[in-house]
Structures are given as structure tokens and as C-alpha cells.
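[1] here is a sequence together with a model predicted from it:
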Amino acid sequence: MKTLMQRYEKKFLLSKNQYNNFLDFIRKHLSEDPHHVNHEPYNVETIYFDDSTHSIIRHSLSSPAYKAKLRLRSYNHDQHFIELKKKFHGQSYKLRMNLNEHQRQSILNLDLTIFNDTIIHQEFKQMFIKKKLNPVVHVSYLRYAFEDTTMGLRVTLDHNINYQYFNEIQQPLFPNQYILEIKCHQAFPLWLVKYLSDQRLHHQSLSKYGHSYISHMKGSLYVTHD
């Protein structure tokens, strides 16, 4: 597992018909990633961290040249990671650490003693300290994922997306829609570009945390400011 990943990312919102067609198409070109069992979609759960005024996601939604976010991610309830994701002028950088269940719970309890003095551990630790982070929202969904590791290409299809702010009830996100995300270390292959063009699929901003925050704030009298 790579500690640092660097790549370009594009996201697309699909209808059910577009989703089914793309799923048939991509299976002819790429293999499923290792998280799949019996060719079924697998569970992904992500907990995002922010400060008391949600300044990280509000900054991200302002479309800055640079942004960063911290999250805990779990696959199939038994593989856990902490990730620091940064984006600069469209290029994404992700710092990732494997966690066991005890370490995951420690981080949720804001126990930072699990981090040692190495540079990578200290980057995570300082993000918590400087930004005064707390777990804010839990996002879950089902995923199909396909990849070609030789060219650093990864394609994911997410559905049944839900979010839950802590101490509140779970809510649907992008109901009856599907998120396609394409990630690659280099230019997208021509066969994939041609498909996207032929199907008139256009990329857009589809941050799950961003959209959950917008949905969460609907009906509020104001949005907090620094």
C-alpha cells in the first residue's frame, strides 16, 4: 500500500441507465479491485474531521487553488485508514496510513498518542492540533471499483450514498443517482475519453462532504463564518 498517492481526478453524476451502461463498459477494460467479494459492491465508510465552524469544508467549497481535508476511511468494516487529502490546481495528493481497530477508535476519541515522531505521523498529528479538529460527519455508500495498476488508473462507481452528522439522523445524499470517479496518474486512456465524449458525460464538483454540508445547512438561518 502506497503511503503517498498523486493523481488527477474527475467526477461525474450518472442516472441509473448511465450507471448500468458504464458498468457493462468498464468491466470489459479493467479488473475489479481487491475489496470485492463475489463481484458484489463493497461498503465504504468515511468520517470527516473539521473544526467547530466547519472552516475546512467552507474553504473547500469556495473553489480555492489549494485545499486539504482529513478523514478516516473503512472498507467492508475491517480495513481502516487515516487519510490527509490535498488538492492543488486540480492535482490530488493523498497521504495514507493503515490503522487497526484500536487505532481507529483512538483517533475518533482524539487520542493522538498513536502518532510517533516520524514525519508522516507528525503531519497527521499537527493537522489535528492546528485545526482543532473533531469528527463531524459520517458518510457511507456502496462501491464498485476497477483499476489498472500498471498505469495508475482507478475507476469507482458509488451508490446508496448516505450521510449522518453526529447526534443527528441519517440522510440520503444524491438519491437515485450514482457517482463515477476516475483517477489516474497520467492522462486518461483514449478508449475511456472516447466513451465519456460519446455519452456526453461532463465532469463536475461532487464532494460528498461538501454536498452533505450544503444539505445539512439547508433550513438554517445562517452559515457560520470565521
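    The structure has been received and is ready for your questions. Numbers count the residues shown, from 1 in each chain.

[2] what's the next secondary structure element after the biggest strand by length in the chain?
    Looking across the chain with DSSP state E, the single longest strand is strand 134-148. Sequence-wise, the next helix or strand downstream of strand 134-148 (DSSP states H and E) is strand 153-165.

[3] other SSEs contacting the helix or strand following that next one?
    The helix or strand immediately downstream of strand 153-165 is strand 171-172, counting by DSSP H and E. Secondary-structure packing of strand 171-172 (3 or more CB pairs under 8 Å, 6 or more residues apart in numbering; DSSP states H and E): strand 153-165, helix 208-217. Heads up, the C-betas are built off the backbone N, CA and C, glycines and all.

[4] can you redo the ones you listed as CSV with distance to Q105, mean neighbour count and mean pLDDT?
    Supplementary listing: the helices and strands packed on strand 171-172 in CSV, determined by distance: least, CB to CB, whole Å; neighbours: other CB atoms under 10 Å; pLDDT from 0 to 100:
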stretch, distance to Q105, mean neighbour count, mean pLDDT
strand 153-165, 18, 19, 97
helix 208-217, 21, 19, 94
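
[5] would you list the ones you listed in CSV and tack on distance to N134?
    Shown next, in CSV, are the helices and strands packed on strand 171-172 (distance: least, CB to CB, whole Å):
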stretch, distance to N134
strand 153-165, 12
helix 208-217, 14
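
[6] among the ones you listed, which comes closest to Y66?
    With CB to CB as the measure, helix 208-217 is the member of the helices and strands packed on strand 171-172 nearest Y66 (15.7 Å).

[7] tell me the angle the longest helix along the chain makes with strand 134-148.
    Using DSSP state H to define each element, the chain has its longest helix at helix 119-131. Relative orientation of helix 119-131 and strand 134-148, computed by axes from the mean of the first three to the mean of the last three CA atoms, to 10 degrees: 140 degrees.

[8] V44: how many residues sit nearby?
    For V44, the number of neighbouring residues by other CB atoms under 10 Å comes to 21.

[9] which residues does it form beta bridges with?
    Following DSSP bridges, V44 is listed with bridge partners Y75, Y141.

[10] now do N162
    Beta-bridge partners recorded for N162 (DSSP bridges): S140, P172.

[11] hmm, E168 and it touching each other?
    No: in this structure, N162 sits apart from E168 without contact. The criterion is CB atoms under 8 Å, and the distance is 12.0 Å.

[12] mind listing residues that contact stretch 118-126?
    T3, L70, I82, L84, L95, M97, L112, F115 (CB atoms under 8 Å, 6 or more residues apart in numbering).

[13] in stretch 198-208, what counts as buried?
    With burial defined by 16 or more other CB atoms under 10 Å, the residues of stretch 198-208 counted as buried are L201, L206, S207, K208.
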